[in-house]
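**Student:** the sequence and its predicted three-dimensional model are supplied below.
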Amino acid sequence: MKPTIEITVSPVGDIHIEGVGFKGADCEAATRFLEEALGVVGQRRRKPEFHQQARATQKQPLGT
């Protein structure tokens with residue numbers, strides 16, 4: 001699943017931002033610019049995926 005950011009605005013103007021498909025702190029890093037642009041964060045909930053490690057990949061050049 002490709003990571004996405006879902007934004008919901010209620011009829012009274014409340015905004016809910018949710019990162020879907022992220023692991024670890026990647027979600028907070030991905031949504032930080034929205035939180036900063038919108039102002040004060042009322043509440044932050046960390047889903048179970050926050051406590052999983054993001055997959056790290058390493059590339060090693062061949063030859064030489």
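**Tutor:** Perfect, I can see it now. Residues are numbered from 1 along each chain as shown.
**Student:** contact partners for the spatially closest residue to Gly21 that is not a sequence neighbour?
**Tutor:** Nearest in space to Gly21, with sequence neighbours left out and distances taken as C-beta to C-beta, 6 or more residues apart in numbering, is Pro3 at 3.9 Å. In short, each C-beta sits where N, CA and C put it, glycine included. Counting by C-beta atoms under 8 Å, 6 or more residues apart in numbering, Pro3 touches 19-22, 26-27, 30.
**Student:** just those residues now: which is nearest Lys59?
**Tutor:** Lys59 lies nearest to Asp26 out of those, by C-beta to C-beta, at 18.9 Å.
**Student:** what pLDDT is listed against the residue nearest to Gly21?
**Tutor:** According to the prediction, Pro3 has pLDDT 90.
**Student:** which secondary structure state does Val12 sit in?
**Tutor:** coil (DSSP: H, G, I helix; E, B strand; the rest coil).
**Student:** thanks a lot, catch you later.
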